[in-house]
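A.B. asks: The following block contains a protein sequence and its predicted model.
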Amino acid sequence: MNLNAQSEGLGILQPFFRFFKLKTNELIMLVKEKTTNIISESKYISRDLSWVKFNYRVLDQATDESLDRNVFERLKFLAITASNLDEFFEIRLGSLYNYLDYGKERIDYSGLREKQFRIKLLQEVQSFYKDQTSCLKKLKKEFQEKGLIIEGVDHLTGDELGKVEEYFTKIVYPMLTPMMYDSYHSFPILMNKILILGVVTHHREGNKDHRRLSFVQIPQNLPRFFEIPRGGKSIFVPIEEIVRSQVEKLFRNVEIESVSLFRIIRNGDFSIEESDDIEAKYIDEIKRKLKTRRTGRVVRVEVEPGYSTYMMKILKERWLIDEYNIFENDQLIDFTSIWQLLRNPEFKDQMPQPPAHVLPISANGEENINLFEFLKHNDLLLHHPYNSMGSVVDLIEKAAEDPYVLAIKMTIYRLAKNSRISNALLRAAENGKNVSVLFEVKARFDEENNIKEAQRLQRAGCFVIYGIGNYKTHTKLLLIIRKEDDEVTSYVHLSSGNYNEDTARLYTDLGLLTTKQVYAHDVSEFFNVITGHSFPDTYKKLITAPGDMRKQLIELIDAEAANAKNGLPSGIIIKINSLQDNETIDALYRASQAGVTIKLIVRGMCCLRPKRHGLSDNIYVKSIVGNFLEHARVYYFHNAGNPKVYGGSADIMVRSFERRIEALFLIVEPLLKQEAITVLDYNLRDNVNSYEMMEDGSYIKIHPDGYPSFNVHEEFYKIKKEDILDKRLF
């Protein structure tokens with residue numbers, strides 16, 4: 001058929017094509033409508049979709065112009081959203097692909113099956129990614145106004161180009177290794193979360209023109225930006241642009257068709273199998289699993305616009321991905337590299353520092369407390385970062401040197417780099433004390449550091465437990481045994497936060513220090529459970545997981561519902577990081593329907609649907625996101641006017657109840673209970689850092705609206721004892 005005949009033939013089919021296109025568009029709209037209806041009809045909010053809303057609240061800290069933040073602070077929050085998103089793809093998308101790749105069925109809380117949900121989730125994340133990119137585009141302009149310019153090599157002067165070329169020749173070039181992929185070379189293993197240049201070249205052999213794809217991985221141990229001073233300004237040249245400008249030195253005597261910058265995220269979700277030989281095989285298993293993060297299936301590709309379609313076709317086929325996994329970025333691939341800019345010594349004075357620590361309210365105005373003496377007569381409640389973590393660190397350091405201390409037992413989830421606590425435990429062992437440490441080597445992304453520290457302590461003579469089989473030890477407990485005269489006193493610390501001096505400056509947490517025997521007995525029993533084969537009948541002041549934490553919390557919720565039905569005072573206030581366990585959510589729904597007023601302060605994802613008529617009319621949910629990361633867990637049950645208040649490590653999640661070792665501790669000392677109640681009250685009063693959750697899972701920023709501003713992250717630096725004495729929540 002000649003061209004005219006072909007055109008005529010196609011012309012006859014044009015109405016059919018238009019009809020087919022119309023039907024296809026209608027089908028797409030019907031699928032979207034059905035998806036929307038399924039999600040809206042579910043009585044739960046999707047965990048992953050809720051998490052995307054949380055990261056939007058973090059991004060809001062960088063975009064909300066009503067917040068009094070300079071460009072460096074805004075860039076910090078943008079970098080946080082990028083770190084969050086990387087982990088989300090590694091773990092949550094990785095988990096979803098574990099179902100997709102192995103043909104396992106999964107129905108999300110939204111009601112969607114795994115294939116539908118993948119599309120919906122990636123569409124939501126694509127939208128978020130575009131907002132991230134728009135945010136950086138705006139902040140780069142403000143950054144430039146400060147004389148700080150992110151610039152490619154095309155805009156450099158001759159002298160500046162000379163410096164760049166010298167840096168490339170002496171430092172960068174020797175580290176680069178092009179990796180070819182063709183019929184003679186297998187596809188190379190490209191590393192997770194590093195910058196990669198995909199280079200398409202032409203090479204003629206006789207009359208044949210060969211097209212080849214090669215990869216150049218940018219060394220991850222070199223700084224992302226090469227800094228050049230320019231007359232009072234600082235030029236930051238991305239390393240990938242330096243390599244791109246010199247790439248012909250890696251591909252001599254061939255024609256370079258295209259150079260495309262991209263970055264991949266691989267599935268990093270894995271589960272740990274129980275090992276009989278905990279001392280050897282278990283550690284080897286952890287180390288082996290860590291390597292899968294480098295070779296796991298690809299779940300995201302970030303790429304610059306104008307990328308080679310030839311390259312992308314190969315990547316899609318190789319990694320079994322589609323357009324939903326491809327994220328275009330015309331600003332700066334890998335926003336986490338912003339941290340390098342923020343850590344530049346030149347800018348350190350641009351980042352505001354928190355106020356000086358204040359004394360704990362229960363310290364009764366005493367400074368430089370000798371805790372070994374103070375705790376014999378008083379309990380102490382620490383509220384970080386307002387109260388210093390130093391008092392706990394000092395206690396451990398003193399215990400390491402104190403000749404009367406016989407033993408130290410503690411759980412460790414995350415440690416600071418160059419941890420004072422780890423060094424103190426090392427000295428304690430060297431001083432002949434009995435030191436027992438449960439190191440959680442499955443603490444995500446801290447596994448390698450925890451293994452290294454645990455082995456260091458073990459070599460010094462500490463009794464080290466590397467986790468408990470399939471359970472992740474998330475509880476935070478410390479027990480110091482000290483001989484005093486003819487008695488032995490147990491010093492106990494229970495907390496919601498990690499024993500990490502660095503994060504204690506940024507995370508809000510509650511910790512209880514006490515020598516009360518009832519706590520000491522419970523904690524000692526709990527250590528016996530997690531280090532041996534003990535099964536205590538009951539605890540007096542602890543609620544533990546994976547025992548009956550879910551059951552006891554639901555009983556406390558049901559008791560409030562019963563009180564409401566019987567006309568007694570009732571109420572529930574819970575402050576946690578995440579709310580996902582559907583059994584507990586159902587109990588909260590039942591309590592709401594019984595007339596219980598329920599207020600939830602949930603920083604991150606929340607699967608409960610508030611304010612739905614007939615289901616959760618009496619449930620209010622808010623989230624607080626600001627300068628400090630809200631990490632404390634506090635549970636309040638009104639109990640007909642005699643409140644029960646718990647602090648501890650556990651969120652309301654399936655993993656917390658079934659796959660983690662957790663503990664909540666009852667706060668009984670009246671002053672300390674009032675302080676915990678005030679923590680909840682202040683969180684509820686905050687109108688600067690707060691977002692209210694709507695019935696559909698969206699969030700609305702709370703503003704003062706004519707009322708005085710109440711910033712919870714500032715008010716706790718001003719709090720006095722008289723502010724908490726008569727505090728009531730209902």
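C.D. replies: Received, thanks.
A.B. asks: would you list every one of the strands in the stretch 51-200 of the chain?
C.D. replies: 148-150, 179-181, 195-205 (DSSP state E, counting those that start in this stretch).
A.B. asks: Remind me what the last one packs against, helices and strands.
C.D. replies: Spelled out, that is strand 195-205. Counting by 3 or more C-beta pairs under 8 Å, 6 or more residues apart in numbering; DSSP states H and E, the packing neighbours recorded for strand 195-205 are strand 208-217, helix 239-245, strand 255-266, helix 309-319. For glycine as for every other residue, the C-beta is placed from the backbone atoms N, C-alpha and C.
A.B. asks: right, and the strands of the stretch 51-200 of the chain - which one's nearest residue 726?
C.D. replies: Among the strands of the stretch 51-200 of the chain, strand 148-150 comes nearest to residue 726, with 50.7 Å by C-beta to C-beta.
A.B. asks: Outside of that closest one itself, list whatever touches it.
C.D. replies: Strand 148-150 is touched from outside by 140, 143-144, 225, 233-236, 238, 332, 341, 347, with contacts defined as C-beta atoms under 8 Å, 6 or more residues apart in numbering.
A.B. asks: redo that, cut-off 10 Å
C.D. replies: With C-beta atoms under 10 Å, 6 or more residues apart in numbering as the test, strand 148-150 has contacts from 71-72, 136, 140, 142-144, 155, 225, 227-228, 230, 233-238, 241, 331-332, 338, 341, 344, 346-347, 350.
A.B. asks: possible to save the strands of the stretch 51-200 of the chain as CSV with mean neighbour count?
C.D. replies: Shown next, in CSV, are these (neighbours: other C-beta atoms under 10 Å):
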stretch, mean neighbour count
strand 148-150, 19
strand 179-181, 16
strand 195-205, 18
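A.B. asks: As JSON lines, those with mean pLDDT and distance to residue 702 would be great.
C.D. replies: Shown next, in JSON lines, are those (pLDDT from 0 to 100; distance: least, C-beta to C-beta, whole Å):
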{"stretch": "strand 148-150", "mean pLDDT": "88", "distance to residue 702": "33"}
{"stretch": "strand 179-181", "mean pLDDT": "93", "distance to residue 702": "52"}
{"stretch": "strand 195-205", "mean pLDDT": "89", "distance to residue 702": "39"}
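A.B. asks: Switch those over to TSV; also include distance to residue 364.
C.D. replies: TSV is the format used below for those (distance: least, C-beta to C-beta, whole Å):
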stretch	distance to residue 364
strand 148-150	48
strand 179-181	66
strand 195-205	55
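A.B. asks: Next up, the contacts around residue 131.
C.D. replies: 55-56, 59-60, 63, 81.
A.B. asks: Burial check on residue 76, number of neighbours?
C.D. replies: 19 (other C-beta atoms under 10 Å).
A.B. asks: That one touches residue 69, doesn't it?
C.D. replies: Yes. The pair residue 76 and residue 69 passes the contact test of C-beta atoms under 10 Å, sitting 8.8 Å apart.
A.B. asks: Need the overlap of contacts for those two.
C.D. replies: 61-62, 627.
A.B. asks: send the alpha carbons of stretch 46-64 over as PDB?
C.D. replies: Output of stretch 46-64 as PDB, limited to C-alpha atoms (Å, rounded to 0.1, in the frame of the first residue of the first chain):
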ATOM      1  CA  SER A  46      -4.300   4.000  54.800                       C
ATOM      2  CA  ARG A  47      -1.100   3.900  56.800                       C
ATOM      3  CA  ASP A  48       1.000   4.800  53.800                       C
ATOM      4  CA  LEU A  49      -1.300   7.500  52.400                       C
ATOM      5  CA  SER A  50      -1.400   9.000  55.900                       C
ATOM      6  CA  TRP A  51       2.400   9.000  56.100                       C
ATOM      7  CA  VAL A  52       2.500  11.100  52.900                       C
ATOM      8  CA  LYS A  53       0.200  13.600  54.600                       C
ATOM      9  CA  PHE A  54       2.700  13.600  57.500                       C
ATOM     10  CA  ASN A  55       5.600  14.400  55.200                       C
ATOM     11  CA  TYR A  56       3.500  17.300  53.800                       C
ATOM     12  CA  ARG A  57       3.300  18.700  57.300                       C
ATOM     13  CA  VAL A  58       7.100  18.600  57.500                       C
ATOM     14  CA  LEU A  59       7.400  20.200  54.100                       C
ATOM     15  CA  ASP A  60       5.000  22.900  55.400                       C
ATOM     16  CA  GLN A  61       7.700  23.900  57.800                       C
ATOM     17  CA  ALA A  62       9.800  24.900  54.800                       C
ATOM     18  CA  THR A  63       7.100  26.500  52.800                       C
ATOM     19  CA  ASP A  64       4.900  28.300  55.300                       C
END
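A.B. asks: buried residues in that stretch?
C.D. replies: 46-63 (16 or more other C-beta atoms under 10 Å).
A.B. asks: So which of those residues belong to helices?
C.D. replies: Judged by DSSP state H, those include 47-63 as members of helices.
A.B. asks: Checking residue 229 next. Helix, strand or coil?
C.D. replies: strand (DSSP: H, G, I helix; E, B strand; the rest coil).
A.B. asks: Check which helix or strand the spatially closest residue to it that is not a sequence neighbour maps to.
C.D. replies: Ranked by C-beta to C-beta, 6 or more residues apart in numbering and with sequence neighbours excluded, the top spatial neighbour of residue 229 is residue 235, at 7.6 Å. Per DSSP states H and E: residue 235 is located in strand 233-238.
A.B. asks: tell me the average confidence for that strand?
C.D. replies: Strand 233-238 shows a mean pLDDT of 92.
A.B. asks: What pairs with it, parallel or antiparallel?
C.D. replies: strand 148-150 (parallel), strand 225-230 (antiparallel) (DSSP bridges).
A.B. asks: Residue 170 is nearest to which of the ones you listed?
C.D. replies: Using C-beta to C-beta, the nearest of the strands paired with strand 233-238 to residue 170 is strand 225-230, at 12.1 Å.
A.B. asks: tell me the pLDDT at the one residue sitting closest to the centre of the chain?
C.D. replies: Centroid check for the chain by C-alpha atoms, centre = their mean gives residue 84 as the closest residue, at 5.6 Å. What the model reports as pLDDT for residue 84 is 96.
A.B. asks: Check residue 274 too.
C.D. replies: On the pLDDT scale, residue 274 gets 33.
A.B. asks: just for the protein, where's the confidence low?
C.D. replies: 1-28, 206-207, 209, 270-294, 442-446, 533-534, 536-537 (pLDDT under 70).
A.B. asks: what about 80?
C.D. replies: 1-32, 183-184, 203-210, 269-295, 346-348, 440-452, 466-470, 530-537 (pLDDT under 80).
A.B. asks: And it, what are its domain boundaries?
C.D. replies: Residue ranges for the domains of the chain, per automatic domain parsing: 37-146+336-352, 152-321, 361-538, 543-723.
A.B. asks: would you turn those domains into TSV with distance to residue 30?
C.D. replies: Formatted as TSV, the domains of the chain follow (distance: least, C-beta to C-beta, whole Å):
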stretch	distance to residue 30
domain 37-146+336-352	10
domain 152-321	26
domain 361-538	40
domain 543-723	21
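A.B. asks: For residue 729, which of these is the nearest?
C.D. replies: Nearest of the domains of the chain (C-beta to C-beta): domain 543-723, 5.8 Å.
A.B. asks: Now do the closest one: distance from first to last residue.
C.D. replies: 29 Å (C-alpha to C-alpha, to the nearest Å).
A.B. asks: What is the distance between that domain and the centre of its chain?
C.D. replies: 20 Å (C-alpha atoms, centre = their mean, to the nearest Å).
A.B. asks: Good, wrapping up.
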